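Asks: Just a sequence and a predicted model for now, questions to come.
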Amino acid sequence: MKKIAAAVLSVLMVSSLSAQFSGYLGKKNLVELGMNVHVPLLYDLFYIKTYTDQFYKRSGNSLELGKDRLNPGLRLGYLRLVNNRFGVGMDINYDAVNTIMRFYDFNKTDGFDYYDGFSGENLQFRSLHINPKIEFTTKGGLLPVGISHQFGFGIKVISLVEKEYLNEVYVSSGWGTTYSLEERNYAENFTNMHPNRFVYKSFNYTLNFRKPLSEKLLLNINFRYALNLTNNRVEEYYTSNFHDHVYALLNKQQTSSVVMFNVGASYAF
Amino acid sequence: MKITRSLLAVLLFTSAFHAQQDFNNFKNLEASGDIPVDFTTNAFHKIEDDLQTGDLKLKGEKEKVFLEGVHYAINDLLHSGIVVYGDEVSAYVNEIADKLLVKDEPLRKKLRFYTIKSNETNAFSTYQGIIFVTTGLLSQLTNEAQLAYVLSHEIVHYKEEHVVETFDYKSKSKRNKEKILALSNFSKEKEFQADKMGIKLYCDAGYSKDELLSTFDVLLYSYLPFEEIDFPKTALNSSLLTIPEGFYPKEKYPIKASEDADDSKSSHPNIKKRKEAALKELENYKEWGNHVYLFGKERFEYIRTLCRFESIRTDIVDAEFDDALYSIYILEKQYPESIYLKRMKAKAWLGYAQYKSTGDFSKKIPASTKMEGEIATLQSMLKELSKIQAMTVSMRMIEDLRREKPDDVIIQAIWDKMVKTLAESEKFKLEKYATKTYAVSYSEFMAAALIKKDTVQKTEAAAENLSKYEKIKKQSNPDHVEAFDTSAFHLYAISDLPGSKLFNEKYNAFKEQFEQEEADEEAYNKLSAREKRKLERDENKLGITSMIYLEPVIFSYNRKGINRIKSEKLQVDYTKSVEEVAADLDMNVKVLSTSNLVNSGTEAFNQRSVLMSYLSELTENDEIDVFPTDYNLLLDIKEKNGTGKVMLSVFEHQRHVEISGSMVYLSIVLFPIGMIYFPATFMKANHTELTFLVLDLDNGDLIVRSTYEDKAPVNKYSVKNRVYNIFYTIKKHK
């Protein structure tokens, strides 16, 4: 029994060597640069499905039906390792965002009383996401190598790209069974839309994976799952205010943009 | 010219004479000279070279499988720590090979001969052209001619490419009973061929026809010790120890080996068939030499004695203490003053006592039905002794050795460990032991018994006048003479120790140490989680700045099992990382690894072998508190490297994607789940486990044992990062 007890103690004392904090080969700071890729699968699946909610792309002076396939972006990050399993930092993401455009202003059609259809070029935005974060790895892990988990809470400011957007309106005239259908194209310039910024709060979790490539560089791959919230809950059908209308369109896009893929490199110093 | 030759011969003889070992101060076999390329080349390089050469009969996938199999198996053996090169035994074997191949220089140049420190009676050749000979084989031989014939046989195996042919044959057939029989026949054919063709080499070298067949007898009885010498039942008795005869078997155990054993599933034909075939073949040669020795009987006997001395060490490392004690008994007849034999004897008795105390000794000794020959007398007695008897007898033996050699630090260290074993045992109660010897106690008892008998006879005469009730009382408590209890012989075996100041001091110190450890554990258990963490943090700051790093054992798995090539490449990276990290952190780390043998040379190879053997002893005998068999060599290593701290590590990695069917179904039904599940599953596919140990050679204690498990990918930089962290951690001061 004594032998067993002695052995137990000796195992207890020697087996739990708690690793001292050494960073990545002694380096405790990381700067990260990466490319974001957002594939708006959910947005495509749930919001772009009826003939009124089609995603139109501009092709020369006309529109053609398309899909919002891929939104690229950039990420610049910094991580300070606090111990072997924990770090704090901040990410700045600059991403492209697209939404469909739906007809919103009856006055634009010169008072015609019946509209058979409206097609609007997709609205393009740029999103700037400033995201303070904490990062940790599970027991046994050694940040920054391998799998880690990040939780962030940041502010996302989305701005509409100011340019002329092409619209196509189909106008019916006449009564009863006799009517004519006319297609009218016009460009609409949102350059003067003020304010053209839309603000979201973003709670996000990132599943992160780093593989060392050299003594200073690490390959970084991650998937970010975000919940984007805003105080503006206006419904697009109940407003004639263009800013609110766009907000409503963007809300749908943002609430369905839950997954972002990022690949990049981390530089340790 | 003649004068020069004579001078050279004298010089050679002189150098050989000086090189000879003094068996009273025997030093274990170790590698010597330049390290051969076989030992320094990585297996993956050997495979690449062979694939480029393309000389092999096998092609395609079969070629790769074969090369990977043979190169890794042989590299593992070369690096196992039991193979030596350039030593006296290997040199002798090489010289005999020179004679055998004097007419075939190209073949001689292709072959390399090394010695394996193993008690298996074996020799074998490999595809690479290496022929291994075991010390066990050399211990069993009776003359040089027998060795020459064994070597001839192995040379033929290489020349005729039997290894490749057998692999090709095996790979063509699936395993079932008939195929196994067919394979056995195929293999036996190759053995007959090697026997037959080997005779030519043997004959051409000038060896005697009369000695050839006796080689087969060596093989037949090779499972027995190297000599059959009577082990008397009084062999261990002394003035202080008497082991009663009842502990020994009444009769000797017969030897059961048969020449005509069933060989239907064997790779080799039975001895009878081999002898018959060889006898027939002998008649085909007319010009026989008459040499039993080309290098002299003395040289052969010297080499054989070296191997026999070495075999004792191997027995102890393998925890075969019965074999070791019997071999020591044989060798002490010729070398009664050998300090090596005395030390080994002390180790064997200590190991025996330790195994007996754990109850595991029965696993280390043959069952009574399988005991054979003279050694069985000793084996049977060792088995018969109870735990406490075994420990007491061992203490007696080690105490006798300590008294005989009081200045020997190794025997003293073994003695300390033996006392510790007694102090640790709950069954051992010092107060129960007599302070008189068995012989004295027995005579006193017999004298007292005689007086008692006399008194009884006198009182019986008076008993006639007793009443009915007094007679009944007397019958229930008769005054008969009791017999002396010989089964308690051990209680008299250390009669000198209860009064020994040295023994009492040591014994009580160990007792106090164990009590303190119990108290420490109790105190530790009462600590809060936070206090425990703090304590552990402090304990872990070891302040090690200088150590020996023994190469990591690395297993990288794929779906088929171990990916040997990847594992070996990782090992190379790991070793480089250790060297680089040590330089970065300004630590003095001596790396003993197969990856850097080219630079580190034979001394490092020998040090590595000793440490590998010690590691093997620790892992194979984890039930006991091992006393290192190579204790003196470990002390040398410590002195040469200026540190007694040795780090060892085992690194395992597997990349395995585990996809759950139910999660796939859920991902289809609830699409967003898949967006989290699949990335997480692929990222978590790496499973890495690293265990590392730091041993203190001063006392054999494990001062660090730590395991890390994580999901990190594996490449040279991630490995280096982990090594950096470990070194950084153990370097920290308290």
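Replies: Thanks, I have it. Numbers count the residues shown, from 1 in each chain, chains lettered A, B, ... in the order given.
Asks: so how many other residues sit close to the closest residue to B:Met663 other than its chain neighbours?
Replies: Nearest residue to B:Met663, sequence neighbours excluded (C-beta to C-beta, 6 or more residues apart in numbering or on different chains): B:Tyr677, at 5.2 Å. Just so you know, the C-beta spots here come from the backbone N, C-alpha and C atoms, and that holds for glycine as well. Neighbourhood size, B:Tyr677 [other C-beta atoms under 10 Å in any protein chain shown]: 17.
Asks: Verify the stated contact: B:Tyr677 with B:Ser667.
Replies: Yes. B:Tyr677 is within contact range of B:Ser667, at 5.6 Å (criterion: C-beta atoms under 8 Å).
Asks: if we can go back for a sec, helices or strands next to the one helix or strand the residue nearest to B:Met663 maps to in the packing?
Replies: B:Tyr677 belongs to helix B:671-683 when elements are defined using DSSP states H and E. If contacts are counted by 3 or more C-beta pairs under 8 Å, 6 or more residues apart in numbering or on different chains; DSSP states H and E, helix B:671-683 sits against helix A:41-46, strand A:197-212, strand A:217-229, helix B:661-669.
Asks: do the first one and chain B meet?
Replies: When you say that, I think you mean helix A:41-46. Yes. Residues of helix A:41-46 are located near chain B by C-beta under 8 Å from any C-beta of the partner chain, namely A:41-42, A:45.
Asks: do the same with the second one
Replies: Yes. Using C-beta under 8 Å from any C-beta, a contact is recorded between strand A:197-212 and chain B, made by A:207, A:209, A:211-212.
Asks: Which neighbours in the sheet does that strand have, and how are they oriented?
Replies: Within its sheet, strand A:197-212 is paired with strand A:146-160 (antiparallel), strand A:217-229 (antiparallel), according to DSSP bridges.
Asks: Tell me which of those lies nearest to B:Phe555.
Replies: Closest to B:Phe555 of these is strand A:146-160 (C-beta to C-beta; 18.8 Å).
Asks: Report the angle between that closest one and helix B:671-683.
Replies: For strand A:146-160 against helix B:671-683, the angle by axes from the mean of the first three to the mean of the last three C-alpha atoms, to 10 degrees is 140 degrees.
Asks: Just the CA trace of strand A:146-160, in CSV.
Replies: In CSV, the C-alpha atoms belonging to strand A:146-160 read as follows (Å, rounded to 0.1, in the frame of the first residue of the first chain):
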residue,chain,number,x,y,z
GLY,A,146,-3.5,24.2,-34.4
ILE,A,147,-7.2,24.6,-33.6
SER,A,148,-8.3,27.6,-31.6
HIS,A,149,-11.6,29.3,-30.9
GLN,A,150,-12.3,33.0,-31.1
PHE,A,151,-15.2,35.0,-29.7
GLY,A,152,-15.6,38.6,-30.9
PHE,A,153,-18.0,41.4,-30.5
GLY,A,154,-17.6,44.2,-32.9
ILE,A,155,-19.2,47.0,-34.9
LYS,A,156,-19.9,46.6,-38.6
VAL,A,157,-20.4,49.7,-40.7
ILE,A,158,-21.8,49.0,-44.1
SER,A,159,-21.7,51.7,-46.8
LEU,A,160,-23.5,51.7,-50.1
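Asks: Next, the buried residues of that strand.
Replies: A:146-148, A:150, A:152, A:154, A:156, A:158, A:160 (16 or more other C-beta atoms under 10 Å in any protein chain shown).
Asks: Tabulate those in a markdown table, adding columns for pLDDT.
Replies: Converted to a markdown table, these look like this (pLDDT from 0 to 100):
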| residue | pLDDT |
| --- | --- |
| A:Gly146 | 90 |
| A:Ile147 | 90 |
| A:Ser148 | 93 |
| A:Gln150 | 95 |
| A:Gly152 | 95 |
| A:Gly154 | 93 |
| A:Lys156 | 93 |
| A:Ile158 | 92 |
| A:Leu160 | 87 |
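Asks: Over to A:Ile92. Which of the three states is it?
Replies: At A:Ile92 the chain is in strand, as set by DSSP: H, G, I helix; E, B strand; the rest coil.
Asks: In three-state terms, label the nearest residue to it once chain neighbours are set aside for me.
Replies: Of all residues not flanking A:Ile92 in the chain, A:Leu76 sits nearest, at 4.8 Å (C-beta to C-beta, 6+ apart). What three-state DSSP gives for A:Leu76 is strand.
Asks: Show the contacting residues for A:Leu76.
Replies: A:31-33, A:91-92 (C-beta atoms under 8 Å, 6 or more residues apart in numbering or on different chains).
Asks: Now residue 23: closest residue in space, sequence neighbours ignored.
Replies: Let's take chain A. A:Leu81 (5.1 Å).
Asks: To clarify, I was referring to chain B.
Replies: B:Phe23's closest residue in space is B:Tyr335 (C-beta to C-beta, 6+ apart), at 5.0 Å.
Asks: Kindly report the same for A:Lys57.
Replies: Nearest to A:Lys57 is A:Gly66, by C-beta to C-beta, 6+ apart, at 4.0 Å.
Asks: what about B:Glu63, how many neighbours?
Replies: 17.
Asks: is it true that it lies in a strand?
Replies: No. Counting by three-state DSSP, B:Glu63 is not found in a strand; it is helix.
Asks: For it, give its distance to B:Val650.
Replies: B:Glu63 is 31 Å from B:Val650, where distance means C-beta to C-beta, to the nearest Å.
Asks: how much space between B:Leu497 and chain A?
Replies: Distance, B:Leu497 to chain A, by C-beta to the nearest C-beta, to the nearest Å: 21 Å.
Asks: repeat for B:Gly373
Replies: On the measure of C-beta to the nearest C-beta, B:Gly373 and chain A end up 36 Å apart.
Asks: got the contact list for that residue?
Replies: Taking C-beta under 8 Å, 6+ apart, one finds B:224-225, B:228, B:253, B:255 in contact with B:Gly373.
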